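Undergrad: Everything below, folded, please.
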Amino acid sequence: MIPIAKPIMEKEEKEAVLEVLESGMLAQGKQVAQFEKDYAEYIGTKHAIATNNGTMALVLALKALDIKGKVLVPSFTFLSPVSTLYFVGTTPKFVDIDPKTYNMSAEDAAEKIDSDVEAILPVHLFGQACDMTAISELAEDHKLKVIEDACQSHGALWKNKKVGSFGNAGCFSFYPTKNITTGEGGIITTDDDALAEQMRAYRNHGQSHRYTYTSIGYNFRMTNIQAAIGIEQLKKLDKFIEARRKNAEYYNQNLKVKTPYVAENAFHVYNQYTIETEDRDTLTTHLKEQEIGYGIYYPVPLHEQPIINDESELPNTNTACKHVVSIPVHPSLTQEDREKVVETINNVEKP
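TA: Residues are numbered from 1 along each chain as shown. Predicted coordinates for the structure are as follows:
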């Protein structure tokens, strides 16, 4: 079986966890502080605030920024960017995607801006940065806040600048399918001192100091166990990205289907390698028969989900949902694995 994703846990991660377990200091402590410092340096921001998962990273950012108005967000993504809006008491305004990159269309976003819109939440999907030049200009022109969902894009670049360093805040996930993992976990990056302080307080029951509560907060803390893994994973992130890009390049050169488009100013880190096919059922049947893992991200757009049922017209989003398939691109793939994936896809019979 060739899995769609495979987290890599080596001696360094295991030893780091054992050290924490033997110390008895399992909750948030010095490992979390070290991981935050290392991650902020990697992204190029002043602050990083670790959380228990990527969804809560989004919640903390939205809460601390005090977002009340509507938020521009793509419909072609996982639920979290939208569910977190409802969680903090606001609502989404759905934006169509660029059909080539699958990321938020800055042109459509511009058309959706009105007096009710307060923020933009671009999602750097599948490991490729959104057009942050255009999105940042929109935000500046209309005085909008920007919360980047970079949960799938650790290390991705736009014009040689890492995602998570453009907006008021950047949010990342360390779920096991991401380019690095802590099992579960998330982190928020920002250059705003006051915002960082507020998010740290919200993360820890609203405490500005121990047993001094300046706001209503929550327990969204990361543990030292998770952070110990994260410290070691971060050291390997660039190596993991290099392997993913090497696998993607092999696919680019050998597959006979529509392969991922990479924008001119983007450095793609391939959290997912997503192709398009006219006959997805036939393709996925063949992949199953050959024991090749795959993912359909995403078969139903968010605006059409039963819990949302929004009537937005998003033609590029609806088309993508019908044709995309993601195939294994993780660093553990062997040459034999890559060849099997390519041969299987290229040999799918046309209807």
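
Undergrad: other SSEs contacting the strand or helix carrying Thr274?
TA: Element membership for Thr274, per DSSP states H and E: strand 273-276. Applying 3 or more Cβ pairs under 8 Å, 6 or more residues apart in numbering; DSSP states H and E, one finds that strand 273-276 makes contact with helix 224-254, strand 324-327. Every residue, glycine included, has its C-beta placed from N, CA and C.

Undergrad: Name the next helix or strand downstream of it, please.
TA: Using DSSP H and E, the helix or strand that follows strand 273-276 in sequence is helix 280-289.

Undergrad: could you say what helices and strands that following helix packs with?
TA: Contacts defined by 3+ Cβ pairs under 8 Å, 6+ apart place helix 280-289 against strand 324-327, helix 335-346.

Undergrad: for the chain, where's the lowest mean pLDDT among helices and strands?
TA: The element with the least model confidence among the helices and strands of the chain, by mean pLDDT, DSSP states H and E, is strand 207-209, at a mean of 84.

Undergrad: before we move on, back to that, just the helices and strands packed on helix 280-289: most buried one?
TA: When the helices and strands packed on helix 280-289 are scored by mean count of other Cβ atoms under 10 Å, the highest mean neighbour count falls to strand 324-327 (a mean of 22).

Undergrad: Which strands and helices lie in contact with that strand?
TA: Applying 3+ Cβ pairs under 8 Å, 6+ apart, we find strand 324-327 packed against strand 273-276, helix 280-289.

Undergrad: Just tell me which of the ones you listed ends up closest to Leu144.
TA: Counting by Cβ to Cβ, Leu144 lies closest to strand 273-276 out of these; the figure is 28.5 Å.

Undergrad: Same list as before, the helices and strands packed on helix 280-289 that is, but in JSON lines and with distance to Asn265 and mean pLDDT included.
TA: Below are the helices and strands packed on helix 280-289 laid out as JSON lines (distance: least, Cβ to Cβ, whole Å; pLDDT from 0 to 100):
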{"stretch": "strand 324-327", "distance to Asn265": "23", "mean pLDDT": "98"}
{"stretch": "helix 335-346", "distance to Asn265": "28", "mean pLDDT": "97"}
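
Undergrad: any chance of the ones you listed in TSV, with distance to Val163 too?
TA: Formatted as TSV, the entries for the helices and strands packed on helix 280-289 read as follows, by distance: least, Cβ to Cβ, whole Å:
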stretch	distance to Val163
strand 324-327	19
helix 335-346	27
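
Undergrad: Let's see the strand holding Thr274 as PDB, backbone CA atoms only.
TA: Presented in PDB, the C-alpha positions along strand 273-276 are these (Å, rounded to 0.1, in the frame of the first residue of the first chain):
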ATOM      1  CA  TYR A 273      -0.100  17.000  -5.200                       C
ATOM      2  CA  THR A 274      -3.400  17.600  -6.900                       C
ATOM      3  CA  ILE A 275      -4.300  16.600 -10.400                       C
ATOM      4  CA  GLU A 276      -7.400  17.000 -12.500                       C
END
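
Undergrad: got a list of what the residue lying closest to Ser208 once chain neighbours are set aside touches?
TA: With Cβ to Cβ, 6 or more residues apart in numbering as the measure, Thr214 is the residue that lies nearest to Ser208, at 4.4 Å, once sequence neighbours are left out. Under the criterion of Cβ atoms under 8 Å, 6 or more residues apart in numbering, the neighbours of Thr214 are 201, 206-208.

Undergrad: Many thanks, have a good one.
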